[in-house]
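> below is the structure, and that's it, no one-letter string:
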């Protein structure tokens, strides 16, 4: 491994899409010579050469959810699909960080919801779509139905030199990863050097964000002790229905917004969590039209990974105009 | 032999005292001095939804589920219990910190699971 640029060979740029988050993984080496050495080293570690690519994170569609505060059903999800398909640069993959569907005790209804999720995702013009379950997909049956539709709830894969890890912190019904999966994680990571570019995607935050709202993973500290040694590791998660950034050591954690309704900033709210009220004049507000912030501290060489938010033009945002036609009539 | 007979009443009396201390006395501490608080879990609420404890005082929480499996989680008080469907579990706690804490069900139990919680006040 070339050590000259070990902390800056990869940048991941997250751009607000209005709905969902677009990440671009691209080399940040300062010279072609450095890049060649880095790519060669990573290629040996990952079995694949690092080359630029982008991907999208979507989260918390809750297909089948039917009630306040959101009267839109799957319209935000479907709008996200349109936006992804309209991107000038086609992403390589889509990561879906849980709560694909809303829970129900009626198995047949849940089957229909999972089929509807698959029907919508089939419209995405992206070759690879990877998911992890949320508790609303898998909490009532230990993930049995989820696995029938989407396969294993935890796994890993390599893509263009970046190692992706799908981590399951919902199927044990409690917010935990568990000893067995933790052992798998240690084994999975064993073949990588500490500088390997790694993206972990999961549903719940791996740190105590707001435990009394169940925004945590009870054995998150154990997970982080496995992940923390890696210099270039990013955690993407959902569950909290709002964007959030957090750092533990060298690891950066980023939450994506929901595609159904939003929760408020937990730092300003005492007591139980309540969704933000639906705004009929701005029906997709807080679902993905994030207030963009640029992390001015990110400089090549100072951070292993950097999220770069790029403000969209008003024209792109105005894609939601006319959304009122989607609103269901009261009681329908 | 004569000596044993001579001291037998004293030996019996001493054994009786020891027995009282070991069993009766201890039993009285465990059964009578530790308050018991019954808490029922039923989707999607705990009943009562608020209890008050005293700092440093040991209490026994008797947790009962009336329907499905629930959790009972509060990290500051080191509470992390599983209440199996229809069963009762007991946990003893001696709170060291004062404050108002939110205990949550952390075993996913259905649609409104996310708001199943109760308040424990430690004075």
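Yep, that arrived. This is a predicted model, so every value here is computed, not measured.
> so which residues of the chain form helices?
Since you didn't name a chain, this refers to chain A. Under the criterion DSSP state H, chain A carries helices at the ranges A:32-46, A:75-85, A:107-121, A:135-138, A:144-150, A:179-189, A:220-227, A:314-317.
> that answer is for a different chain, and I need it for chain B
B:2-19, B:26-28.
> tell me the mean pLDDT for the shortest one?
The one in question is helix B:26-28. In this model, helix B:26-28 has an average pLDDT of 39.
> kindly report the same for the first one.
Taken as a whole, helix B:2-19 has a mean pLDDT of 57.
> give me every residue in chain B lying close to chain A.
B:69, B:71, B:73, B:75, B:80, B:82, B:101-102, B:104, B:106-108, B:110-111, B:113-115, B:117 (CB under 8 Å from any CB of the partner chain). To be clear about C-beta, it is placed using only N, CA and C from the backbone, and glycine gets the same treatment.
> PyMOL command for the buried members of the residues you listed?
In PyMOL syntax, the buried subset of the residues of chain B next to chain A is picked out as below (16 or more other CB atoms under 10 Å in any protein chain shown):
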select buried, chain B and resi 69+71+73+82+101+102+104+106+107+108+110+111+113+114+117
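> which of the residues of chain B next to chain A fall within strands?
Residues of the residues of chain B next to chain A located in strands (DSSP state E): B:71, B:73, B:80, B:82, B:101, B:102, B:104, B:117.
> name the nearest of these relative to chain A.
Lowest distance from chain A to those (CB to the nearest CB) belongs to residue B:102, with 3.7 Å.
> my guess is the closest one contacts residue B:119, does it?
Yes. If you go by CB atoms under 8 Å, residue B:102 and residue B:119 touch, sitting 6.1 Å apart.
> ok so, going back, and of the helices of chain A, who's closest to residue B:95?
The closest of the helices of chain A to residue B:95 is helix A:220-227. By CB to CB, the value is 22.6 Å.
> show me what that closest one is packed up against.
Applying 3 or more CB pairs under 8 Å, 6 or more residues apart in numbering or on different chains; DSSP states H and E, we find helix A:220-227 packed against helix A:179-189.
> if you count neighbours, what's buried in the helix it packs on?
Quick answer for helix A:179-189 (16+ other CB under 10 Å): A:181, A:182, A:184, A:185, A:188, A:189.
> what is it packed up against?
By 3+ CB pairs under 8 Å, 6+ apart, helix A:179-189 packs against strand A:162-166, helix A:220-227.
> what residues of the longest one count as buried?
By that I understand helix A:220-227. A:220, A:222, A:223, A:224, A:227.
> OK, contacts around residue 78?
Picked chain A for this. By CB atoms under 8 Å, 6 or more residues apart in numbering or on different chains, the contact set of residue A:78 is A:120, A:123.
> hm, I was asking about chain B
Contacts of residue B:78 by CB under 8 Å, 6+ apart are residue B:93.
> could you check how far it is from residue B:72?
12 Å (CB to CB, to the nearest Å).
> ok, and the closest non-adjacent residue to whichever residue of the stretch 151-300 of chain A sits closest to chain B?
Residue nearest to chain B within the stretch 151-300 of chain A: residue A:212 (3.7 Å; CB to the nearest CB). In this structure, residue A:212 finds its nearest non-sequential neighbour in residue B:102, 3.7 Å apart by CB to CB, 6 or more residues apart in numbering or on different chains.
> now do the residue of the stretch 51-200 of chain A at minimum distance from chain B, the pLDDT please.
Nearest to chain B, among the residues of the stretch 51-200 of chain A, is residue A:139, at 3.0 Å (CB to the nearest CB). The model reports residue A:139 with a pLDDT of 95.
> and if you look at residue A:196?
Confidence at residue A:196, expressed as pLDDT, is 85.
> check residue A:257 too.
On pLDDT, residue A:257 comes in at 86.
> that one - how many residues pack around it?
30 (other CB atoms under 10 Å in any protein chain shown).
> what of residue A:128?
13.
> how about it, nearest residue that isn't a chain neighbour?
residue A:93 (3.8 Å).
> for that neighbour, what are its contacts?
A:55, A:56, A:126, A:127, A:128, A:129, A:130, A:159 are the contacts of residue A:93 under CB under 8 Å, 6+ apart.
> make it 7 Å
A:55, A:126, A:128, A:129, A:130, A:159 (CB atoms under 7 Å, 6 or more residues apart in numbering or on different chains).
> repeat for residue B:79
B:72, B:73, B:91, B:93, B:103.
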